[in-house]
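Participant: Sequence plus predicted model, see below.
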Amino acid sequence: MSVPALTIRQPWLACILTGDKQIENRSWPTSHRGPIALHAARTPSREGQADPLVQAVLARPDAPHPTRGAILATANLTDCHPDTGDCCRPWGHSGLFHWRLADIQLLPGPVPATGRLGLWRLDPEQHDALARQQPDLGGAS
């Protein structure tokens, strides 16, 4: 069995990849903790493109190109909790669940993939491609 994957729209994922955004906002909670593959959706987020925090991150010379339609990184999902009204700012949005990501590891190259809703499992070829780039994840389940 492979590492679960989470599809995130760009440019939100680009902000996670820089380490600036460590909170992913979702309308649903998860009990999963541990490794997770971060997949860039094919469709960008208009809201994200207009967000001043995102614009500031993307304006930096070291900002990653917002690649879409591929697994770009792995992370460790360390927590998931409902918004308390004052937590996880400035990236945590009110009224949503905050998924805390740590240990973001960029892949040397993108792994093409079609995203899905919710947490989803990589197919065997995607898992093998991920394991070749991050051998410590090779046996993760």
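Facilitator: That came in fine, so what should we check first?
Participant: Who does the residue nearest to residue 87 when sequence neighbours are not counted form a beta bridge with?
Facilitator: Nearest non-adjacent residue to residue 87, counting by Cβ to Cβ, 6 or more residues apart in numbering: residue 98, 6.7 Å away. Every residue, glycine included, has its C-beta placed from N, CA and C. As for beta bridges, residue 98 partners with residue 25, residue 81 under DSSP bridges.
Participant: ok, residue 98 to residue 128 distance?
Facilitator: Look at residue 98 and residue 128: by Cβ to Cβ, to the nearest Å, they are 32 Å apart.
Participant: neighbour count winner among the two?
Facilitator: Legend: neighbour count by other Cβ atoms under 10 Å for residue 98 and residue 128, higher for residue 98 (21 against 14).
Participant: Hmm, residue 86 and the more buried one touching each other?
Facilitator: No. Using Cβ atoms under 8 Å as the test, residue 98 is too far from residue 86 to be in contact (11.7 Å).
Participant: so which strand or helix has residue 128?
Facilitator: helix 124-133 (DSSP states H and E).
Participant: Off-centre distance for that helix?
Facilitator: Relative to its parent chain, helix 124-133 has a centroid offset of 17 Å by Cα atoms, centre = their mean, to the nearest Å.
Participant: any idea of the mean pLDDT for that helix?
Facilitator: Confidence over helix 124-133, taken as the mean pLDDT, stands at 92.
Participant: okay, that helix in PDB with CA atoms only?
Facilitator: What follows is helix 124-133, C-alpha atoms only, in PDB (Å, rounded to 0.1, in the frame of the first residue of the first chain):
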ATOM      1  CA  PRO A 124       1.700   1.300  -8.200                       C
ATOM      2  CA  GLU A 125       3.600   3.100 -10.900                       C
ATOM      3  CA  GLN A 126       3.200   6.500  -9.100                       C
ATOM      4  CA  HIS A 127       4.200   4.900  -5.800                       C
ATOM      5  CA  ASP A 128       7.300   3.400  -7.400                       C
ATOM      6  CA  ALA A 129       8.300   6.700  -9.000                       C
ATOM      7  CA  LEU A 130       7.800   8.400  -5.600                       C
ATOM      8  CA  ALA A 131       9.900   5.700  -3.800                       C
ATOM      9  CA  ARG A 132      12.700   6.100  -6.300                       C
ATOM     10  CA  GLN A 133      12.900   9.800  -5.500                       C
END
